[in-house]
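In: What follows is a predicted protein model with its sequence.
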Amino acid sequence: MNNLYIYILVMAIVTYLIRAIPLTLIRKEINNKFIKSFLYYVPYVTLSVLIFPAILYSTSSIISAIIVFIIAIILSYRKLNMMTVAIISCLTVFIIEYLLL
Amino acid sequence: MSRNKTFFKMGMHNGIPIMLGYFTVSFTFGIQASHIGLNAIDAALISLTNLTSAGQFAGLGIIAANSPFFEMAISQIIINSRYLLMSSSLSQKIEHNTSFIKRAVMAFGTTDEIYSLAITSKQPLSPYYVYGMMAVAIPGWTLGTFFGVILGDILPSTLVSALNIALYAMLISAIIPATKNNEKIAIIITISMFVSFLFTIIPYLKELSSGIHIIIISIVLTSIFAIIFPLKEEGHE
């Protein structure tokens, strides 16, 4: 299965170039108002899309996922640090699923 | 020098939940890799060199089907195209005098989770902060894969669920605090999640891959937001 290593190489190079090209080539601060605003907002849009609705299917039960989704938003809004939010979320899922299953 | 060290340590510290989350997700990747006949070293090599979840899972399917190499390339471009946007926004966040080599190394660590922490950190972004996160996240991702192949289905599903949610909890805690002083961002997050949800239920749209969903929604919605809510001139820098 020598092909395997060619597949891995293709995957790795393509994925790396996608990540590296903008970061290495865009070296100046962009002054265009639209592009500036775009790049400022894009993390919130992209990360929101990554979170929802995928989070609903990330655990064994959609109920625990919905509860944790709400809890994580409340805790984050109160500016608890990320580690605390992550740990409380994990424990919540664990307890809910332990009780349900 | 010591400033770089401080950023590196901070990155390692903040990277710990990423490492734990990655370990379990890549553990399931390892299990899938073993199902198509890969050994632990080869599977771990995929994780070490790619450092991405959806792309790797899709890649396994292509390897298993023995599809042409260009198909592998195209699928990776589609699934991972969101990194183009992430990398572009990081280019504006990073310290401007950062060298080409440092940028090139940092680019390898552009994952959803590392990015979420990097882009929401206090400006400007030091590459050492990203290196610190990479230093714990990459071993977590690679070793998780390795043990997934060897150990298979030994983790109880409740534990896997619990650790899986950690990654989502982190992404949430990266974007939500900004809503407190900026209601535009709260509106943007709410609309984005709603539209993302619509894309998974509307006929035809729901047939598209999640990679396409992410890139279409990101470009279209962000453009609209950039037009309705342009940043004020003095706003940034």
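Out: Done, it's in.
In: B:T179 against A:R78, yeah?
Out: No: taking contacts as C-beta atoms under 8 Å, B:T179 lies outside contact range of A:R78: 11.7 Å. Heads up, the C-betas are built off the backbone N, CA and C, glycines and all.
In: higher neighbour count, these two?
Out: B:T179 (19 against 11; other C-beta atoms under 10 Å in any protein chain shown).
In: Next one: that one from B:I191, what distance?
Out: Noted for B:T179: a distance of 13 Å to B:I191, by C-beta to C-beta, to the nearest Å.
In: now swap in B:G140 and tell me
Out: Distance of B:G140 to B:I191, computed by C-beta to C-beta: 33 Å.
In: The two: which has the busier surroundings?
Out: Per other C-beta under 10 Å, whichever of B:G140 and B:I191 has more neighbours is B:G140, with 22 against 16.
In: Now name the helix or strand holding the nearest residue to the more buried one once chain neighbours are set aside.
Out: Nearest non-adjacent residue to B:G140, counting by C-beta to C-beta, 6 or more residues apart in numbering or on different chains: B:M19, 3.4 Å away. If you go by DSSP states H and E, B:M19 is part of helix B:2-35.
In: by contact count, what packs against that helix?
Out: Judged by 3 or more C-beta pairs under 8 Å, 6 or more residues apart in numbering or on different chains; DSSP states H and E, the packing partners of helix B:2-35 are helix A:82-100, helix B:40-50, helix B:54-65, helix B:112-119, helix B:127-151, helix B:157-175.
In: Pull the first one out as CSV, backbone CA atoms only.
Out: Backbone C-alpha positions of helix A:82-100 (Å, rounded to 0.1, in the frame of the first residue of the first chain) are rendered in CSV as follows:
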residue,chain,number,x,y,z
MET,A,82,-12.3,28.7,29.0
MET,A,83,-10.9,25.9,31.0
THR,A,84,-13.7,26.3,33.6
VAL,A,85,-16.4,26.4,30.9
ALA,A,86,-14.9,23.3,29.3
ILE,A,87,-14.7,21.3,32.5
ILE,A,88,-18.2,22.2,33.7
SER,A,89,-19.6,21.3,30.3
CYS,A,90,-17.9,17.9,30.4
LEU,A,91,-19.1,17.2,33.9
THR,A,92,-22.6,18.2,33.0
VAL,A,93,-22.8,15.9,30.0
PHE,A,94,-21.3,13.1,32.0
ILE,A,95,-23.8,13.5,34.8
ILE,A,96,-26.8,13.9,32.6
GLU,A,97,-25.9,10.9,30.4
TYR,A,98,-25.0,8.8,33.5
LEU,A,99,-28.5,9.5,34.9
LEU,A,100,-30.3,9.0,31.6
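In: where's B:G37, which helix or strand?
Out: Using DSSP H and E, B:G37 sits within no helix or strand.
In: neighbours of it, just the number please.
Out: For B:G37, the count of nearby residues is 11 (other C-beta under 10 Å).
In: and what of the one 10 residues further on?
Out: For B:S47, the count of nearby residues is 25 (other C-beta under 10 Å).
In: Mean pLDDT for the helices and strands packed on helix B:2-35 - can I get that in TSV?
Out: TSV is the format used below for the helices and strands packed on helix B:2-35 (pLDDT from 0 to 100):
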stretch	mean pLDDT
helix A:82-100	87
helix B:40-50	96
helix B:54-65	88
helix B:112-119	92
helix B:127-151	94
helix B:157-175	82
